[in-house]
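> got a predicted structure here, sequence first:
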Amino acid sequence: MKKTIPKKVKGKKENKKLWGGRFKASGTSAAESFNASISFDKRLYRHDIIGSIAQAKVLQRAGVLTAKEVTKIIKGLNSIQKEIETDKFCFRTVDEDIHMAIEKRLTEKIGALGGKLHTGRSRNDQVATDVRLYLKDEGALVSKAIKDLQSALISVAKKNMDAVMPGYTHLQRAQPILFSHHMMAYFEMLKRDAERLGEALKRVDVMPLGSGALAGSPYKLDRAYAAKLLKFSKVSANSLDAVSDRDFLIEFQSVASIIMVHISRLSEELILWSSSEFGFVEISDEFSTGSSIMPQKKNPDMAELARGKSGRVIGNLVSMLTVMKSLPLAYNKDMQEDKEPLFDTVDTLKAVLDIFTPMLKSMKVNKKRMREATAKGFITATDVADYLTQGGMPFRKAHEVVGKAVAFCIDKGIELSDVKATQWKKFSKSFGDDIIKVVTVDSSVKARSLYGGTAPKEVKKQITRALIELKKK
Ligand code: ARG
């Protein structure tokens, strides 16, 4: 595709910087490319243009531009957007960043009038505005993707209401639970993630224009009008703060990191559960890969990658915290380092969420294997102890009695469900014939019927609440 490089742009004079006035020599080409951010901040073009259109309108209100001039500027900016979107725009290192590239192109297109657009504005408030606009858009997409994943969890939970599996602590079989209960645990995590994201996005939703380079602006810029045009809820209250903090994007990255930690834990479980040792689930072919050497292999690569990618998202957070921690107010060029990690986090998070939702929905659940796993490991031992306490025995004593019963089973190579009532009575006089029913997995699960427990009735309520919550948002 032919790029629009007007002949004159190729000339020496036009390669001059927009800030070139006080310089005698231009930077070396190494310095120029070291300094440039255009290769990655070009993705902010749309937000930069929206911001510039708002700036032009604000300048009209301030009496700096006439209505005619604003129309011309807007037309110019829109045609630049078209050039970019039809791949005709030439991004050049010499233009340093997206802000200067667009301003320069505007001047090429509409002449000296283009140079009026930057009145009362600095790239410092411009870039803060662009990134906030970008994050508002992306935040809404992430929020929707979280919801989709939550729905997937609910549908997996609903589809497998009768699946009982061992619940684990220390990765040792602990107590039987419903598989649906386990799925809904992740729903809760994501629910908090969505809330955290919503909170973080409130602090993204603040409009910096009018802060200038750092001290504010002497022009009569109607900042509230700019906020309205750009659909920001608030106007920043301190010009220094507005151009010099990136806490809003650090907060977003911290939310993203927590989401990734949750997804990484789910990934780890899916990976374990897909192994022959567990055999609890089978990830569908569409979301699995094979081995180049071992023909029998079916690997859960998507889950492994999601687990791995949590590393880079957490890394991006740490990277931004480290960049910001010692910067004096106000703007410092260090802050240009904010974009790549932010973009990477947004891209990674969206990709992971988008893979996980269909992967979960198409996953096969092996209820038989899950139930078989509950048959071993004395998984209802706590229920036996609870039985004894109901007869008045202190829990500590009951724990010891059942511990002895477990030791007996280990010796004999049997399970608690194999122990006869006569044998139970030898462990304690408090045992009656009904103990036989207590040691079953289903009665154990059914007994945990407090709010938030794993009893089928309760899990059904959890799911109903979850469905209502999802609809609310
Ligand atoms: N490319 C710069 C950044 O991303 C834009 C702001 C530059 N401001 C400046 N005073 N050099 O941070």
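Thanks, I have it.
> okay, CA-based contacts and neighbour counts for the rest of this
OK.
> mean confidence for the longest helix seen in the chain?
Assignment by DSSP state H gives helix 123-159 as the longest helix of the chain. Averaging pLDDT along helix 123-159 gives 98.
> which pLDDT value goes with the residue in the stretch 151-300 of the chain positioned nearest to the ligand?
Residue nearest to the ligand within the stretch 151-300 of the chain (C-alpha to the nearest ligand atom): Ala213, separated by 7.1 Å. Predicted confidence (pLDDT) for Ala213: 97.
> swap in Lys104?
The pLDDT attached to Lys104 in the predicted structure is 97.
> following element in sequence after the longest helix of the chain, please.
Later in the chain than helix 123-159, the nearest helix or strand by DSSP states H and E is strand 164-169.
> show me where the stretch 251-400 of the chain has its helices.
For the stretch 251-400 of the chain, the helices defined by DSSP state H, counting those that start in this stretch occupy 301-324, 339-361, 367-374, 381-390, 395-412.
> any chance of the ones you listed in TSV, with distance to Ser37 and mean pLDDT too?
Output for the helices of the stretch 251-400 of the chain, formatted as TSV (distance: least, C-alpha to C-alpha, whole Å; pLDDT from 0 to 100):
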stretch	distance to Ser37	mean pLDDT
helix 301-324	16	97
helix 339-361	9	98
helix 367-374	53	96
helix 381-390	61	91
helix 395-412	65	93
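> need those helices in JSON lines with mean neighbour count and distance to the ligand, can you?
As requested, these are exported to JSON lines (neighbours: other C-alpha atoms under 10 Å; distance: least, C-alpha to the nearest ligand atom, whole Å):
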{"stretch": "helix 301-324", "mean neighbour count": "19", "distance to the ligand": "12"}
{"stretch": "helix 339-361", "mean neighbour count": "19", "distance to the ligand": "7"}
{"stretch": "helix 367-374", "mean neighbour count": "18", "distance to the ligand": "52"}
{"stretch": "helix 381-390", "mean neighbour count": "19", "distance to the ligand": "59"}
{"stretch": "helix 395-412", "mean neighbour count": "15", "distance to the ligand": "63"}
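> closest to Lys191 out of the ones you listed?
For the helices of the stretch 251-400 of the chain, the distance to Lys191 is smallest for helix 339-361, at 14.0 Å, taking C-alpha to C-alpha.
> other SSEs contacting that closest one?
Helix 339-361 makes packing contacts with helix 38-41, helix 123-159, helix 247-274, helix 301-324 when contacts are defined by 3 or more C-alpha pairs under 8 Å, 6 or more residues apart in numbering; DSSP states H and E.
> quick one: the longest one to helix 247-274, angle?
Compare the direction of helix 123-159 with that of helix 247-274 by axes from the mean of the first three to the mean of the last three C-alpha atoms, to 10 degrees and you get 30 degrees.
> can you give me the offset of the longest helix of the chain from its chain's centre?
Centroid separation for helix 123-159 versus its chain: 7 Å, with C-alpha atoms, centre = their mean, to the nearest Å.
> for stretch 194-206, C-alpha coordinates in PDB please.
In PDB, the C-alpha atoms belonging to stretch 194-206 read as follows (Å, rounded to 0.1, in the frame of the first residue of the first chain):
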ATOM      1  CA  ALA A 194     -15.100  -7.100  38.200                       C
ATOM      2  CA  GLU A 195     -15.800  -4.900  41.200                       C
ATOM      3  CA  ARG A 196     -12.200  -4.000  41.500                       C
ATOM      4  CA  LEU A 197     -12.000  -3.200  37.800                       C
ATOM      5  CA  GLY A 198     -15.100  -1.000  38.100                       C
ATOM      6  CA  GLU A 199     -13.500   0.900  41.000                       C
ATOM      7  CA  ALA A 200     -10.200   1.300  39.100                       C
ATOM      8  CA  LEU A 201     -12.000   2.600  36.000                       C
ATOM      9  CA  LYS A 202     -13.700   5.300  38.100                       C
ATOM     10  CA  ARG A 203     -10.200   6.700  38.800                       C
ATOM     11  CA  VAL A 204      -9.300   6.400  35.100                       C
ATOM     12  CA  ASP A 205     -12.400   8.500  34.200                       C
ATOM     13  CA  VAL A 206     -10.800  11.900  34.900                       C
END
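> so Ile154 touches Phe187, yeah?
Yes: if you go by C-alpha atoms under 8 Å, Ile154 and Phe187 touch, sitting 7.4 Å apart.
> common neighbours of these two, please.
Common contacts of Ile154 and Phe187, defined by C-alpha atoms under 8 Å, 6 or more residues apart in numbering, comprise Ala466.
> who touches the closest residue to the ligand within the stretch 201-350 of the chain in this structure?
The minimum distance from the stretch 201-350 of the chain to the ligand, using C-alpha to the nearest ligand atom, falls at Gln336 (3.6 Å). By C-alpha under 8 Å, 6+ apart, the contact list for Gln336 reads Ser37.
> quick check: which of the helices of the stretch 251-400 of the chain is nearest to Thr66?
Evaluated over the helices of the stretch 251-400 of the chain, closeness to Thr66 peaks at helix 339-361, with 34.8 Å, by C-alpha to C-alpha.
> centroid residue for the chain?
For the chain, Ala256 is the residue whose C-alpha lies nearest the centre (C-alpha atoms, centre = their mean; 3.6 Å).
> roughly how far apart are that one and Glu138?
Distance of Ala256 to Glu138, computed by C-alpha to C-alpha, to the nearest Å: 12 Å.
> kindly report the same for Arg223.
For Arg223, the distance to Glu138 (C-alpha to C-alpha) stands at 24 Å.
> could you check which of those two is surrounded by more residues?
In terms of neighbours (other C-alpha atoms under 10 Å), Arg223 is the more surrounded of Arg223 and Glu138; the figures are 19 against 16.
> just give the nearest non-adjacent residue to that one, would you?
Gly210 (6.3 Å; C-alpha to C-alpha, 6 or more residues apart in numbering).
> give me the three-state assignment for the one you found.
The three-state label given to Gly210 by DSSP: H, G, I helix; E, B strand; the rest coil is coil.
> I figured it hits Lys220, correct?
No: contact criterion C-alpha under 8 Å: Gly210 and Lys220 do not qualify, at 9.3 Å.
> these two: who's more crowded?
Neighbour count, other C-alpha under 10 Å: between Gly210 and Lys220, Gly210 has more, with 29 against 14.
> quick one: that one from Gly63, how far?
Going from Gly210 to Gly63 by C-alpha to C-alpha gives 15 Å.
> go on, Ile283?
For Ile283, the distance to Gly63 - C-alpha to C-alpha - is 63 Å.
> which residue of those two possesses the greater neighbour count?
Set Ile283 next to Gly63 and count neighbours by other C-alpha under 10 Å: Ile283 wins out with 24 against 13.
> wait, isn't the more buried one in contact with Lys361?
No: judged on C-alpha under 8 Å, Ile283 makes no contact with Lys361 at a distance of 9.5 Å.
> run through the residues that contact Leu317.
Contact partners of Leu317, counting by C-alpha under 8 Å, 6+ apart, are Ile250, Gln253, Ser254, Ser257, Pro341.
> buried subset of these?
Listed as buried from the contacts of Leu317 are Ile250, Gln253, Ser254, Ser257, Pro341; burial here means 16 or more other C-alpha atoms under 10 Å.
> quick one: which of those residues is nearest to Lys72?
Pro341 (36.1 Å).
> next one: the closest one from Lys75, what distance?
Relative to Lys75, Pro341 is positioned 33 Å away (C-alpha to C-alpha).
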